[in-house]
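Peer 1: My questions concern the predicted model and sequence given below.
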Amino acid sequence: MKFELFIATRYLRAKRRQAVIGVITGISIIGVAAGVASLIIALAINNGFRSDLQARLLGSMSHINLMRLQNDGIKNWRDLLAKLEKQPHVVAGAPAIYEQVLISRGARAQGALLKGIVPADERRVSALLDNVKFGSADALDSSQNGEGAPKTLSDEVTQSLPPIVLGKDMADTLGATTGSVVLVTSPQGELTPFGIVPKYQRFKVVGIFESGFYDYDSSWGLTRLDDAQKLFGLGDIVPVLEFKVDDIYKAPQIADQLVDVAGQGFGAKNWMEQNQALFRALRLEKVVTFITIGLIVFVAALNILISLIMMVMEKTKDIAVLVSIGARRLQIRRIFMLQGVLVGAVGTLIGLVLGFGLAIAAGHYHWIRLSAEVYAIDYVPFAPRLIDGLVVSVVSIAISFIATIYPAMNASRVLPAEALRYE
């Protein structure tokens, strides 16, 4: 063991004339451990919510959307879709129509985003249809959605209506349930001798989905692609081609590749761009959490500073003796720096074990429960990461080291003759 480390460890273990120094050292270790553990747990919660949010988000939407820059739609979409699905990293593709509509039922009405889909293709790029909680989305797969022979003329009319699947919150707002009939009005309308008249179509609610995202559940409706094309008067044109890729973090590069293959006049948006504001807010929250809880480690570092200053005052004679027998001033500085770093390292190690242990246990046993009606999840997710533990450890030990600089410099300035004059 090096001379400096040997003296530093002996000073930490030795009995002191001033017991308060030992108490402050213990408080320093507890403070560092508490700060590190709190940071690990807070970052695990942030990562857990981020991972859960990302999984739910990517389960409800495609990874890449390809569209015409002039918004005139894609005419030869079938051939183009088949061509692009063969590109590297592309798992599946699907056509889609997105249009703003007004959905009403009786006196209740709400603006909505109507998405026209081919159900078989949509299931390959997103899990939105798998989130149908009431009713069924099977009616979207067929051209007829009747269930047996109609008993009355009213039943026959209802069964002949095109099907639609609504978000849960929107269905609650409209008072719609499975089997209800809603009126979908397109503001684009059609040109008549009396001017532009909005087009409308009655739909039968065959299912209600709950994705866990308020924007989807409160304003989205799903219907068949051909029904949407008829409502909006598009003919055999789709505005968007959606794609699922095998590596979500390479979506920007794959999107550029698809645009190059599609040719001039096409553009693409990936899932990162579409949810940029949301993930930026999560990153900002993580930084704020790190800084706020990191103040606990800072306060613990102040305790280390105080304990080392008192230690230097108590060991002035010892320092003078060491210098007298040949110890260099650099070695004296190292003794007290190592002493402070050892305190920070012990506290950091305890904090890591405690933080990771609590985070893993809380994530496995779902210790913290939530209201599923409010948060769309019934427990707080924990996702501790080793990289976070590494960053927290480096920061904690670095702060502890900085706190040792001033006391160590003071210790190296002790003059042996002055310290031992009256001994």
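Peer 2: The structure has been received and is ready for your questions. Computed from a prediction, not measured in an experiment: that's the story for all the values here.

Peer 1: Tell me which stretches of the stretch 1-150 of the chain form strands.
Peer 2: Assigned by DSSP state E, counting those that start in this stretch, the strands in the stretch 1-150 of the chain fall at 64-68, 90-105, 108-117, 132-135.

Peer 1: Ala408 is nearest to which of those?
Peer 2: strand 64-68 (56.3 Å; CB to CB). All C-beta spots, glycine's among them, are computed from the backbone N, C-alpha and C.

Peer 1: So which bits of stretch 251-261 are buried?
Peer 2: Within stretch 251-261, the residues scored as buried using 16 or more other CB atoms under 10 Å are 251, 254-255, 257-259.

Peer 1: If you could redo that for stretch 39-59, that was the one I meant.
Peer 2: Of all the residues in stretch 39-59, those buried under the rule 16+ other CB under 10 Å are 39-50, 52-54, 56-58.

Peer 1: ok, back up a step: which ones among the buried residues of stretch 251-261 map onto helices?
Peer 2: 251, 254-255, 257-259 (DSSP state H).

Peer 1: any idea of the mean pLDDT in the helix or strand Ile405 falls within?
Peer 2: Secondary structure from DSSP states H and E places Ile405 in helix 386-412. Across helix 386-412, the average pLDDT comes to 93.

Peer 1: Mind giving me the packing neighbours of it?
Peer 2: Using 3 or more CB pairs under 8 Å, 6 or more residues apart in numbering; DSSP states H and E as the contact test, the elements touching helix 386-412 are helix 19-60, helix 276-314, helix 329-365.

Peer 1: if we go to 10 Å?
Peer 2: helix 19-60, helix 276-314, helix 316-324, helix 329-365 (3 or more CB pairs under 10 Å, 6 or more residues apart in numbering; DSSP states H and E).

Peer 1: Need the contact partners of the next helix or strand after that helix.
Peer 2: Using DSSP H and E, the helix or strand that follows helix 386-412 in sequence is helix 416-419. If you take CB atoms under 10 Å, 6 or more residues apart in numbering as the criterion, helix 416-419 is touched by 316-325.

Peer 1: which of these are buried?
Peer 2: With burial judged by 16+ other CB under 10 Å, the buried subset of the contacts of helix 416-419 is 316, 318-320, 322-323.

Peer 1: In a markdown table: those residues, plus pLDDT.
Peer 2: Formatted as a markdown table, the buried ones among the contacts of helix 416-419 follow (pLDDT from 0 to 100):
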| residue | pLDDT |
| --- | --- |
| Thr316 | 86 |
| Asp318 | 85 |
| Ile319 | 87 |
| Ala320 | 88 |
| Leu322 | 87 |
| Val323 | 87 |
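
Peer 1: and the gap between the nearest residue to Leu302 once chain neighbours are set aside and Val346?
Peer 2: Closest residue in space to Leu302, ignoring its immediate chain neighbours: Ala403 at 7.0 Å, by CB to CB, 6 or more residues apart in numbering. Distance, Ala403 to Val346, using CB to CB, to the nearest Å: 14 Å.

Peer 1: Which of the helices and strands packed on helix 386-412 sits closest to Val392?
Peer 2: Nearest to Val392, of all the helices and strands packed on helix 386-412, is helix 19-60, at 4.9 Å by CB to CB.

Peer 1: where does this structure dip in pLDDT?
Peer 2: 1, 14-19, 142-159, 189-197, 372-376, 419, 421-423 (pLDDT under 70).

Peer 1: Nearest the middle, which residue of it would you pick?
Peer 2: Nearest residue to the geometric centre of the chain (CA atoms, centre = their mean): Arg50, 1.9 Å.

Peer 1: what sits against the nearest residue to it once chain neighbours are set aside?
Peer 2: Distance criterion CB to CB, 6+ apart; nearest residue to Arg50, sequence neighbours excluded, is Leu282 at 5.2 Å. If you count contacts by CB under 10 Å, 6+ apart, Leu282 has them with 46-47, 49-50, 53-54, 275.

Peer 1: what are the ranges of the strands in the stretch 151-300 of the chain?
Peer 2: 163-167, 181-192, 195-209, 220-224, 240-245, 266-270.

Peer 1: Go through the ones you listed and name the closest to Arg68.
Peer 2: Arg68 lies closest to strand 266-270 among the strands of the stretch 151-300 of the chain, at 6.3 Å (CB to CB).

Peer 1: what angle do that closest one and strand 240-245 make?
Peer 2: Angle, strand 266-270 to strand 240-245, by axes from the mean of the first three to the mean of the last three CA atoms, to 10 degrees: 50 degrees.

Peer 1: where's strand 266-270 relative to the chain centroid, distance-wise?
Peer 2: The chain centre lies 23 Å from the centre of strand 266-270; the measure is CA atoms, centre = their mean, to the nearest Å.

Peer 1: other SSEs contacting that strand?
Peer 2: If you count contacts as 3+ CB pairs under 10 Å, 6+ apart, strand 266-270 packs onto strand 64-68, strand 240-245, helix 251-262.

Peer 1: Can you give the distance from the last one to the centre of its chain?
Peer 2: Going by CA atoms, centre = their mean, the spacing between the C-alpha centre of helix 251-262 and its chain's C-alpha centre is 25 Å.
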